[in-house]
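> Turn this into a model:
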Amino acid sequence: MTAVASIPSFYYRPSGQPAGEVFEQWRDLMGPMYEIGPAAPSVRLPSGSTVAYQVGDLIAHRTLFTTQRIRRDRRRTEAGPDHFLIQLWRSGRFTGSIAGQPLTMTTGGVAILDRRNLVDGMLDRTDTLGVVVPRDRLHVPTVEAHGLRLDAARNRLLGARLTSFHRQLPAASRDDIPALAGELIAFLHRLLDRSRAGDALEGRELDGGLLALAKSVVRTYLTRPDLSPDFVAGQMGVSRATLYRLFEREDGVMRFVQGERLHAVRNALADPLETRSLARLAEVFALTSPSQLSRGFRNRYGVSPRAWRTERRAALAGGHESRQLWTWLRETR
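Sure, this is the predicted structure:
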């Protein structure tokens, strides 16, 4: 398999050090953004893991926090770059205040955070996906009109798009960067512009047509064992005959589903924070067995899933010093 030039990335995960050393590393890593501390004097010292990707002038990251307290004071807000953080809570909980407003975030919630906001709160075993967007890439009054939280419909759409965006990054190449960044920014403009709410929240305008909508439904429900033409057609509100017509050039609905499942596994195996076994990934993505996964993966990508995982992890491990991430953030204007 021909090697591709990966998206610039950064990865940190503690391994084997004493708790005090891990805490010091984590506090130093997060220091430009937050003051990190234990949740209480008697509890375990906090730590975390993070992987980040430089997607043009965007920074996408997945960060896992143990239970810990985070604060951002005025000194940090004034020193940091001028941008928004759009963040999805995949699991866990945040309780505290942001910009002086009480806020609780739980699984599935999305917040739009101005990096000039003061923060003081508790994170409880949290897994987050985030995208840092320079302020000048968004229409600021439109963004600020929504406040910290989005309404339920926008929250659902944005959470799904952030998840899809992040799934593509571990296996993406530098050539993919302009399209990845451009599509996400265009989506944000459509979603956050209240004057276009009718079209945006309908979904079809956002997804660019029936075929794109059908593909979006498939990708949203990849983990369902009962994902079928009837299910997809029902979610779209179209007949099964219409759905079959849409997928004629894709060699059929279920062939597309199978390909998307293998693609999702490929991206998961390239993610350094993904620790699930091949057997577990086969189960999660509704593939019949690990052997079916391995055969399909090799036929599609020309390499075994284990070899792919090893190759991508090695490429990421050979990456950057921890300070590189914060260099990117400071350069994000």
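> and after the host helix or strand of residue 49, which helix or strand comes next?
According to DSSP states H and E, residue 49 maps onto strand 48-55. Using DSSP H and E, the next helix or strand after strand 48-55 towards the C-terminus is strand 58-65.
> Show me which residues of whatever helix or strand comes next after that following strand are buried.
Next along the chain after strand 58-65, taking DSSP H and E as the criterion, comes strand 68-72. For strand 68-72, burial by neighbour count (16 or more other CB atoms under 10 Å) applies to 68-70, 72. The way it works is simple: take the backbone N, C-alpha and C, and place the C-beta from them, glycine included.
> cool, and stretch 146-160?
148, 150, 154-159.
> contacts for that stretch?
Here stretch 146-160 makes contact (CB atoms under 8 Å, 6 or more residues apart in numbering) with 86, 88, 98-99, 101, 103, 108-113, 188, 191-192, 200-201, 203, 206, 216, 220.
> Quick check: residue 35 touching residue 72?
Yes. Counting by CB atoms under 8 Å, residue 35 does reach residue 72; the two are 7.3 Å apart.
> hang on, the earlier thing: for the buried residues of strand 68-72, which one is nearest residue 48?
Nearest to residue 48, judged by CB to CB, of the buried residues of strand 68-72 is residue 68 at 7.6 Å.
> need the contact list for that closest one.
Residue 68 touches 36-39, 46, 48, 122-123, counting by CB under 8 Å, 6+ apart.
> need those in a markdown table with neighbour count and distance to residue 297, can you?
As requested, these are exported to a markdown table (neighbours: other CB atoms under 10 Å; distance: CB to CB, whole Å):
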| residue | neighbour count | distance to residue 297 |
| --- | --- | --- |
| 36 | 22 | 39 |
| 37 | 15 | 43 |
| 38 | 15 | 42 |
| 39 | 15 | 41 |
| 46 | 22 | 37 |
| 48 | 22 | 31 |
| 122 | 16 | 41 |
| 123 | 26 | 35 |
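> which of those has the weakest pLDDT?
The member of the contacts of residue 68 with the lowest pLDDT is residue 39, at 87.
> Am I right that that residue sits in a helix?
No. Counting by DSSP: H, G, I helix; E, B strand; the rest coil, one finds residue 39 to be coil, located in no helix.
> Nearest residue to it in space, please, no chain neighbours.
residue 67 (4.9 Å; CB to CB, 6 or more residues apart in numbering).
> roughly how far apart are that neighbour and residue 40?
To residue 40, residue 67 is 9 Å away according to CB to CB, to the nearest Å.
> Now do the strands in the chain.
For the chain, applying DSSP state E gives strands covering 9-12, 35-37, 48-55, 58-65, 68-72, 83-98, 101-106, 110-114, 119-134.
> which one of those strands has the lowest average pLDDT?
strand 9-12 (a mean of 83).
> which secondary structure elements does it contact?
Strand 9-12 makes packing contacts with strand 48-55, helix 305-317, helix 323-331 when contacts are defined by 3 or more CB pairs under 8 Å, 6 or more residues apart in numbering; DSSP states H and E.
> circling back: direction included, what does the strand holding residue 49 pair against?
Its sheet considered, strand 48-55 pairs with strand 9-12 (antiparallel), strand 58-65 (antiparallel) by DSSP bridges.
> Now the ones you listed in CSV, please, with extra columns for distance to residue 134.
Shown next, in CSV, are the strands paired with strand 48-55 (distance: least, CB to CB, whole Å):
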stretch, distance to residue 134
strand 9-12, 18
strand 58-65, 8
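> Indicate which one of these is closest to residue 304.
With CB to CB as the yardstick, what comes closest out of the strands paired with strand 48-55 is strand 9-12 (22.6 Å).
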